[in-house]
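Student: have a look at this prediction, sequence included:
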Amino acid sequence: MGKYIVALDQGTTSSRAIVFDELGQIVAVSNREFEQIYPQPGWIEHDPMDILNTQVEVLREVMVRAGLNASNLSGVGITNQRETTIIWDKKTGEPIYNAIVWQCRRTASEIEKLEKDGMAGTIKEKTGLILDPYFSGTKIKWILDHVPGSRERAARGELMFGTVDTWLIWNLTGSRAHVTDYSNASRTMLYNIHDLCWDEELLRAFDIPIELMPEVLPSSGLFGVMNTSILGGEVPIFGVAGDQHAALFGQTCFEPGMAKNTYGTGCFLLMNTGTEPVNSKNNLLTTIAWGIGGQVEYALEGSIFMGGATVQWLRDEMGLIEKSSDSEEVARSVPDTDGVVLVPAFTGLGAPHWDMYSRGIIVGLTRGAGRAHIVRAALEAIAYQTRDVLTAMEADSGIKLNTLRVDGGASANGFLMQFQSDILNVTVERPKIIETTALGAACLAGLAAGVWKDREELKARYAISAHFDPQMPEQEREGKYRLWQRAVKRSLGWAEQ
Ligand SMILES: Nc1ncnc2c1ncn2[C@@H]1O[C@H](COP(=O)(O)OP(=O)(O)O)[C@@H](O)[C@H]1O
Ligand SMILES: O=P(O)(O)OC[C@H](O)CO
């Protein structure tokens, strides 16, 4: 057995594979974007075979780049976009429908029904989640309701449900392991985060046969062995966690009160709350951070649906920039947004608003408003949404953050990070490795494989490479934030008709 760990990071817009050495340093990276399918406004799907194929391609590619083979690896860690729902035939392995992506709003009416049936309290109590189409539960139900015969096939044990981790593991192990980890299970709306089991009452309420559900395992430990067909030799899968949980781990936020914000497709602010779940009074989620060595730890989460994806929208739909990174220079070319505010509620608003019917708006346009103002407003919106969430988190936890650890693709944007620090009045710290999602998965796998001894060893290696300290006068900060809050109000409920 070698000493290298490979992390598979299956994100919303791309599949990535990263090789880490025993010092936790990146040896090689491979990345591939894949198709986003929009069958109707507000609906988002992925082809599960695209997810699988791009992930296997980047895995093979990264091994070549690193000059390694299967025998050099101690193990594989998997981290993934969460909640995205896949159902497939156990015998043939064929998906019975496309993957319904976490951002997809198609189950809004199902959510309304559950609300009318008085399920919100029970769901919050048992799963820590808020009634919203975001989670897997109503997506599974939608597939079973719309693919003829599927509910009966599910009850006969002929079908399997999985979040993306489960789908990948099933395929990578040659159809041997139908498993997930605690963190991914806690995003389905069907898992009881206190009793640590699939909840029968919820499965009944959603009309989902338990036969569909995978076995839930600790996040660090053996999940299965990757087939020789993938890399020419068997490699154990030793770590699995949802991407935001993996990032919290990779940022070594091991103590209660430590928090990170990941700026990927969405933005996800998670705070470790230790072995006790904290019940949010401010519209945040209670979630399982990870389960390790017989112990589950919890986190509070604020989920923002549009983070870096807002920048992608500027690039792909609006054609205002050529590359995501151009947004920095364009934003800096003007001193402010000239009163323009962009609310990127393209798929509704997540925490703390939870309005599945809000939609994107640009307000405050005047004759002088131009491209640079809109680009700048898009970046600023990412920071304002983070403030909405951090305010709720501080109220829930009673902890005032002095520093916020950041990571993810858009955290490379210096303008955004400085504005974030200014608008929060908090120091922002960016670590040396911003691929903390992959690092977290590698750490979970490396602990189980014995490459690393314990969390202390991981903490000792963690290094910050950039600080952003607040510089904006209070009056300016609060004035800008009030404008944002007014704009959010105008975006609410738009698609309700
Ligand atoms: N320099 C940058 N400035 C702003 N946004 C960026 C920058 N670089 C990448 N992004 C955005 O970050 C996102 C990619 O981040 P990543 O962490 O890879 O996301 P995911 O894991 O969700 O696919 C994209 O939405 C992209 O538009
Ligand atoms: O693809 P990402 O990194 O934006 O993460 C997506 C989240 O896991 C969705 O809950």
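Tutor: Done, it's in. Ligands and ions are numbered 1, 2, ... in the order given.
Student: now Lys126: which helix or strand?
Tutor: helix 120-127 (DSSP states H and E).
Student: now that helix: buried residues?
Tutor: Ile123, Lys124, Lys126, Thr127 (16 or more other Cβ atoms under 10 Å). C-beta here means a position set from N, CA and C on the backbone, and glycine is covered the same way.
Student: stretch 211-219: how far from the chain's middle?
Tutor: 19 Å (Cα atoms, centre = their mean, to the nearest Å).
Student: pLDDT averaged over the helix or strand where Ala28 lies - what is it?
Tutor: Assigned by DSSP H and E, Ala28 belongs to strand 26-33. For strand 26-33, mean pLDDT rounds to 96.
Student: which other helices and strands contact that strand?
Tutor: strand 14-20, helix 48-66 (3 or more Cβ pairs under 8 Å, 6 or more residues apart in numbering; DSSP states H and E).
Student: let's see stretch 256-274 as CSV, backbone CA atoms only.
Tutor: Backbone C-alpha positions of stretch 256-274 (Å, rounded to 0.1, in the frame of the first residue of the first chain) are rendered in CSV as follows:
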residue,chain,number,x,y,z
PRO,A,256,-17.7,23.8,18.7
GLY,A,257,-18.0,27.4,17.5
MET,A,258,-15.6,27.1,14.6
ALA,A,259,-17.1,28.0,11.2
LYS,A,260,-16.3,28.2,7.5
ASN,A,261,-18.0,29.5,4.4
THR,A,262,-17.5,27.8,1.1
TYR,A,263,-17.9,29.8,-2.1
GLY,A,264,-18.7,27.2,-4.8
THR,A,265,-21.8,27.0,-6.9
GLY,A,266,-23.7,28.0,-3.8
CYS,A,267,-22.3,29.3,-0.5
PHE,A,268,-22.6,27.2,2.6
LEU,A,269,-21.7,28.5,6.0
LEU,A,270,-21.3,25.8,8.6
MET,A,271,-20.5,26.0,12.3
ASN,A,272,-19.5,23.0,14.3
THR,A,273,-21.8,22.7,17.4
GLY,A,274,-20.1,19.5,18.8
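Student: how distant is the helix or strand Ile140 falls within from the center of its chain?
Tutor: Secondary structure from DSSP H and E places Ile140 in helix 136-146. In this view, helix 136-146 has its centroid 20 Å away from the chain centroid, taken as Cα atoms, centre = their mean.
Student: could you do stretch 68-83 as well?
Tutor: 18 Å.
Student: any idea how far apart the tips of it sit?
Tutor: Taking Cα to Cα, to the nearest Å, the first and last residues of stretch 68-83 lie 33 Å apart.
Student: does that stretch reach ligand 2?
Tutor: Yes: using Cβ under 6 Å from any ligand atom, we find that stretch 68-83 touches ligand 2 at Gln81, Arg82, Glu83.
Student: now for the last one, how many residues are close by?
Tutor: Spelled out, that is Glu83. Look at Glu83: counted by other Cβ atoms under 10 Å, it has 25 neighbours.
Student: swap in Arg367?
Tutor: 5.
Student: one more: Ile304?
Tutor: 27.
Student: in this structure it contacts Tyr263, no?
Tutor: No: when contacts are counted by Cβ atoms under 8 Å, Ile304 is not listed as touching Tyr263 (9.2 Å).
Student: where do the contact lists of those two overlap?
Tutor: Listed as contacting both Ile304 and Tyr263 by Cβ atoms under 8 Å, 6 or more residues apart in numbering are Ile382.
Student: please name the bridge partners of Gln295.
Tutor: With DSSP bridges as the criterion, Gln295 is bridged to Ile292.
Student: returning to that earlier point: spell out whether the strand holding Ala28 and ligand 2 are in contact.
Tutor: No: judged by Cβ under 6 Å from any ligand atom, strand 26-33 stays clear of ligand 2, getting no closer than 11.9 Å.
Student: partners of that strand in the sheet?
Tutor: Strand pairing (DSSP bridges) places strand 26-33 next to strand 14-20 (antiparallel).
Student: pull the residues that contact the strand it pairs with.
Tutor: 4-10, 26-34, 51, 54-55, 57-59, 61-63, 65-66, 68, 435, 438-439, 442, 446.
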